[in-house]
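>>> have a look at this prediction, sequence included:
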Amino acid sequence: GTNGGSAGTNGGSAGTNGGSAGTNGGSAGTNGGSAGTNGGRGGTNGGRGGTNGGSAGTTGAGGTGTTSCTFTPTSSISTKIPTVGVVTWSTSLSGLTEAHIDFGLTTSYGMTAPVDLTQASYRTLLLGMKPSMMYHYRITASAGGNTCASSDYTVMTGAQMNGLPTFQITPSTKSAALYGGFLVTGQYTTSGGAPAYILDSDGAYVWWYNDGSDACGARMSYDGKYMWINNANVPDSAAHVHRVTMDGLTDTDFSTPFAHLSHQVTPLPDGAVAFYTTGSNGCDDIKIFPANGTPTSTATTLVNARTAHGGTAACHVNNIEYSPSDDTLIFSDLDNYCLTKVSRTTGATVWVLNAKSGSGITSTFTGDLWKGGEHGFHIISVNDILLFNNNSMNGGGDGTGTGSIALELTLNPTAKTSTKKWSYTASPSFQVDVLGDVQRLPNGNTMIDYATKSIIQEVDANGTLLQQIKSTNGNFGYMEKRATLYGPSTK
């Protein structure tokens, strides 16, 4: 106020979140509210600035307006995955409308965990932390126009699990052109257990889980709360499908409703899951597991692969992805060298892209296509597809066998033409006959997963190699690169 006193015996200043009184009342620090006629409150015991100046508290957080705000947090580390922090907390601020936790290796933080206000004690996971490191975190809560932030707190992560795959990352100095983010993948093996895991932009482990089988497929749920992990199951013997909470504390076995599944699954925005299983006619069935389904739920068969793309030969579906702009699913059939788009609701065929010679299948599109089979693909947009072309001669394939290719095609549904937009072949090349995956990143870079060659590369739009991750003791399954471990994927 007009007669505000200076901070002295009864004044005082807080640290980051405190505030000091001055000629015109006290002002809060970085996160505090400013004092004027009705000066803002400092920390837990902060006094009010105004006519007679104000003193700042020594703990807690600043606030806005005249609302008090204190925090009582408790943090721990998951007993299953010791890089996952678990924070529960309460606050004196009532009527919360939003909250989040900033966290990182310093008080600059750098990562943000959204808080689900419906969770008991606002339980929030801190995901993306390296092993055996001290992390700082700060809670920010809002109620209408009132926002306050807690003091800085710390949590110590646990040690990395023994026996995880090891990597050689080149070059050792990261390029500024790299996308960053987190790599979600798993170890593919034909026998024994192997982990699903997440690496950060430094190539450090930040998450891992071994459910006792191989992890050919590892995909986070659309809301980011679970990891779906499945084995390759090729040839079909016993599907092994688990959904694990991101803290690793709840592992639910969904193998029964996903019986005969292979390769991978794709979580959908509504919580349902798209996948495929061995069909009775030698061609795979495309299926949907219902949202909020349980281990006793039944998946719905959307369409049989042969019904969708035609032909008479056997099928080998090896990837399925969702196109949100037109609510369709696209699946890849390795045996018939084609991608097929179907309605998610009716299973009706929208188009078929490419076909193996002699398969009896007719491609909807002519122009630039491919030979030698394909595995993983990324729907960049409704008419822009990036795929991993194995280019294989394996099993009588018509590829050249001189190196697998990342191939981007632009489709013209009116003219029914396909035009090559971009392609990349590693130098030296990697010929991959089993598995393989690709993803276009938001900054224009491309991830190429040479699965059974144990190599993942990130290249820029000009095909310049920016980084290579080589596993020294295991193959890669399917993969996705995520900007954050919260919310929907970037793929």
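Looks like it came in fine. Numbers count the residues shown, from 1 in each chain.
>>> from now on I want contacts and neighbour counts done on CA atoms only, so please keep to that.
OK.
>>> and for the closest residue to residue 403 other than its chain neighbours, the neighbour number?
Of all residues not flanking residue 403 in the chain, residue 431 sits nearest, at 4.1 Å (C-alpha to C-alpha, 6 or more residues apart in numbering). Residue 431: 21 surrounding residues under other C-alpha atoms under 10 Å.
>>> then residue 286?
The tally of other residues near residue 286 (other C-alpha under 10 Å) stands at 28.
>>> can you map out the helices along the stretch 301-450 of the chain?
305-309 (DSSP state H, counting those that start in this stretch).
>>> the residue nearest to residue 403 and residue 390 touch, don't they?
Yes - judged on C-alpha atoms under 8 Å, residue 431 makes contact with residue 390 at a distance of 7.2 Å.
>>> need the overlap of contacts for the two.
Counting by C-alpha atoms under 8 Å, 6 or more residues apart in numbering, the contacts common to residue 431 and residue 390 are 403-404.
>>> coming back round to it: ok, now which ones touch the residue nearest to residue 403?
By C-alpha under 8 Å, 6+ apart, the contact set of residue 431 is 390-392, 401-404.
>>> next: residue 472.
Taking C-alpha under 8 Å, 6+ apart as the contact definition, residue 472 lies against 165-168, 454.
>>> how close does it get to residue 302?
Applying C-alpha to C-alpha, to the nearest Å, the value for residue 472 to residue 302 is 40 Å.
>>> ok, residue 263 next?
Residue 263 is 18 Å from residue 302, by C-alpha to C-alpha.
>>> with residue 369 instead?
With distances taken as C-alpha to C-alpha, residue 369 is found 27 Å from residue 302.
>>> surely residue 305 is in contact with residue 315?
Yes - at 7.2 Å, residue 305 and residue 315 qualify as touching, with contact defined as C-alpha under 8 Å.
>>> any residues in contact with both of those two?
With contacts taken as C-alpha under 8 Å, 6+ apart, residue 305 and residue 315 have 283-284 as neighbours in common.
>>> name the residue in the two with the higher neighbour count.
A direct count of neighbours by other C-alpha under 10 Å for residue 305 and residue 315 places residue 305 higher, at 27 against 23.
>>> who's in contact with the more buried one?
By C-alpha under 8 Å, 6+ apart, the contact list for residue 305 reads 283-286, 315, 317.
>>> what of residue 471?
With C-alpha under 8 Å, 6+ apart, residue 471 has these contacts: 165-168, 454-455.
>>> same thing but 10 Å
Contact analysis of residue 471 by C-alpha atoms under 10 Å, 6 or more residues apart in numbering lists 165-169, 187, 451, 453-456.
>>> same thing with residue 482?
179-184, 198, 200, 220, 441-442, 488-491.
>>> can you turn the buried part of those residues into a PyMOL selection?
The PyMOL command for the buried members of the contacts of residue 482 (criterion: 16 or more other C-alpha atoms under 10 Å) is given here:
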select buried, resi 179+180+181+182+183+184+198+200+220+441+488+489+491
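>>> which member of the contacts of residue 482 is positioned nearest residue 144?
The shortest approach to residue 144 among the contacts of residue 482 belongs to residue 488, at 26.2 Å (C-alpha to C-alpha).
>>> which SSE is residue 125 in?
Secondary structure from DSSP states H and E places residue 125 in strand 124-126.
>>> paired strands for whatever helix or strand comes next after that strand, with orientation please.
Where DSSP H and E defines the elements, the next helix or strand beyond strand 124-126 is strand 134-143. According to DSSP bridges, strand 134-143 has the following sheet partners: strand 98-104 (antiparallel), strand 146-149 (antiparallel), strand 153-156 (antiparallel).
>>> the longest one: which residues count as buried?
Residues of strand 98-104 classed as buried by neighbour count (16+ other C-alpha under 10 Å): 99-104.
>>> and the contacts of it?
Under the contact criterion C-alpha under 10 Å, 6+ apart, strand 98-104 has outside partners 87, 108-117, 122, 124-130, 133-144, 147-150, 152-155.
>>> could you redo the last one with a cut-off of 8 Å?
Residues outside strand 98-104 that contact it (C-alpha under 8 Å, 6+ apart): 109-117, 126, 129, 135-143.
>>> just how off-centre is it within its chain?
18 Å (C-alpha atoms, centre = their mean, to the nearest Å).
>>> so, low pLDDT: which residues of the protein?
Filtered on pLDDT under 70, the chain yields the residue ranges 1-67.
>>> what's the first-to-last distance across stretch 255-264?
End-to-end distance for stretch 255-264, by C-alpha to C-alpha: 13 Å.
>>> flag every buried residue along it.
Counting neighbours by 16+ other C-alpha under 10 Å, one finds that the buried residues in stretch 255-264 are 255-264.
>>> the stretch 251-400 of the chain: strands as residue ranges?
When assigned using DSSP state E, counting those that start in this stretch, the strands of the stretch 251-400 of the chain occupy the ranges 251-253, 266-267, 273-277, 285-289, 300-304, 317-323, 328-333, 338-343, 349-353, 366-367, 374-381, 384-389.
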